[in-house]
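**Q** With the sequence up front, the predicted model follows.
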Amino acid sequence: MGESLASKHCVPCHGGVPRLTAEETSGLLAQLEGWRVVEGHHLSKEYKFKNFADALAFVNRVGRVAESEGHHPDIEFGWGYARVRVYTHAIDGLSESDFILAARIDAA
């Protein structure tokens, strides 16, 4: 088996690369827990917490991971929950870096 997604790092994308195919996303998705591919466009996952403070702490951890990787998810959160959506804006779809970021978020 190859290197785990969480041990890899995101690669900056400036466009011009193809989006992942359904077959490619399926293989990468199998390495993640609780994430789903939505309309072949982005990854999505919802996290549950006991309160607002725990949700906020999670969002701050995700922010640190995102900054260190140079790859930034969309995050919605409130009392007891956070929803994360990841895709590569430059190609308006999924790249391997999206799956890497998802794995690194789960490891944070």
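**A** Alright, I've got the coordinates.

**Q** if I look at L101, how far off is F52?
**A** Here the criterion is C-beta to C-beta, to the nearest Å. By it, L101 lies 24 Å from F52. Where you see a C-beta, it was placed from the backbone N, CA and C, and this is true even at glycine.

**Q** now swap in I75 and tell me
**A** With distances defined as C-beta to C-beta, the gap from I75 to F52 amounts to 14 Å.

**Q** and these two? which has more neighbours close in?
**A** Remark: of I75 and F52, I75 carries more neighbours, 17 against 13, as counted by other C-beta atoms under 10 Å.

**Q** hang on, that one packs against V84?
**A** Yes. In this structure, I75 is within contact of V84 by C-beta atoms under 8 Å, at 5.5 Å.

**Q** intersection of neighbour lists for these two?
**A** Common neighbours of I75 and V84 (criterion: C-beta atoms under 8 Å, 6 or more residues apart in numbering): V62.

**Q** how much space between N60 and A90?
**A** Using C-beta to C-beta, we find N60 at a distance of 26 Å from A90.

**Q** My error: substitute Q31 in the last question.
**A** Distance check for Q31 against A90: by C-beta to C-beta, it reads 23 Å.

**Q** who's more crowded, the two?
**A** A count of neighbours by other C-beta under 10 Å puts Q31 above the other of Q31 and A90, at 16 against 13.

**Q** OK, contacts around that one?
**A** Residues in contact with Q31 (C-beta under 8 Å, 6+ apart) are S4, L5, F99, A103.

**Q** Isn't the first one up against A103?
**A** Yes. Using C-beta under 8 Å, S4 is in contact with A103, at 7.0 Å.
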